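Asker: Give me the fold of what follows.
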Amino acid sequence: MRAMLIRWAVSALAIAAAAWLVPGIEIGEDGVIVVLAMAIVLGLVNAIVRPILTCLTCPFVALTLGLFLFVINALAFSLASWIAQNWLGLDFQVQSFLDALLGSIIVSVVATLLTLFVPDGK
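Answerer: Next up is the predicted model:
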């Protein structure tokens with residue numbers, strides 16, 4: 001349970017870093033609540049939708065030697081933003097595909113770096 005909460009906090013910090021660094025990613029007035037909820041939504045999208053997209057686009061991933069995974073990550077980030085806006089009413093907006101691509105790269109890098117420095121209890 002503790003490890004899951006740490007991963008959730010790491011994801012939230014990574015999303016906040018992406019919103020701070022990319023001008024096309026905007027968070028509304030309830031910033032902390034929006035970022036925490038967005039971390040849950042992005043985690044669910046990455047757990048459910050992203051593997052399906054990866055399987056469906058396997059030939060493109062193989063053809064591009066894995067670079068198409070950046071596109072899949074950007075699509076998952078955009079989908080998480082859309083779900084947060086339209087289903088949950090959260091004020092988290094990603095303006096364009098390029099912003100989603102940069103945001104997903106920043107979230108991946110920051111989450112990886114934070115995971116290296118934050119102990120998960122193991």
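
Asker: What helix or strand is Ala9 located in?
Answerer: Using DSSP states H and E, Ala9 sits within helix 2-21.

Asker: Now tell me what touches that helix from outside.
Answerer: In this structure, residues lying in contact with helix 2-21 by C-beta atoms under 8 Å, 6 or more residues apart in numbering are 25-27, 31, 35-36, 38-40, 42-43, 92, 102-104, 106-108, 110-111, 114-115, 118, 120-122. Quick note: C-beta positions are derived from backbone N, CA and C, even for glycine.

Asker: and these, which are buried?
Answerer: Buried members of the contacts of helix 2-21, scored by 16 or more other C-beta atoms under 10 Å, are 25, 27, 35-36, 38-39, 42-43, 92, 102-104, 106-107, 110-111, 114.

Asker: Mark which of those are part of helices, please.
Answerer: Taking DSSP state H, the ones among those that sit in helices are 35-36, 38-39, 42-43, 102-104, 106-107, 110-111, 114.

Asker: which two from the residues you listed end up farthest apart in space?
Answerer: Farthest-apart pair in those is Leu36 and Leu102; separation 21.7 Å (C-beta to C-beta).

Asker: Extract the C-alpha set from the worst-scoring helix or strand of the chain on mean pLDDT and format it as PDB.
Answerer: Taking mean pLDDT, DSSP states H and E as the measure, the helix or strand of the chain with the lowest value is helix 2-21, at a mean of 93. Taking Å, rounded to 0.1, in the frame of the first residue of the first chain, the C-alpha atoms of helix 2-21 are listed here in PDB:
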ATOM      1  CA  ARG A   2       2.800   2.400   0.900                       C
ATOM      2  CA  ALA A   3       4.600   1.700  -2.400                       C
ATOM      3  CA  MET A   4       1.400   2.400  -4.400                       C
ATOM      4  CA  LEU A   5       1.000   5.800  -2.600                       C
ATOM      5  CA  ILE A   6       4.700   6.600  -3.300                       C
ATOM      6  CA  ARG A   7       4.200   5.800  -7.000                       C
ATOM      7  CA  TRP A   8       1.000   8.000  -7.100                       C
ATOM      8  CA  ALA A   9       2.900  10.900  -5.500                       C
ATOM      9  CA  VAL A  10       5.800  10.500  -7.900                       C
ATOM     10  CA  SER A  11       3.400  10.500 -10.900                       C
ATOM     11  CA  ALA A  12       1.700  13.600  -9.500                       C
ATOM     12  CA  LEU A  13       5.000  15.400  -9.200                       C
ATOM     13  CA  ALA A  14       6.000  14.400 -12.700                       C
ATOM     14  CA  ILE A  15       2.700  15.700 -14.100                       C
ATOM     15  CA  ALA A  16       3.200  18.900 -12.200                       C
ATOM     16  CA  ALA A  17       6.700  19.200 -13.600                       C
ATOM     17  CA  ALA A  18       5.300  18.700 -17.100                       C
ATOM     18  CA  ALA A  19       2.700  21.300 -16.600                       C
ATOM     19  CA  TRP A  20       5.300  23.700 -15.300                       C
ATOM     20  CA  LEU A  21       7.700  23.100 -18.200                       C
END
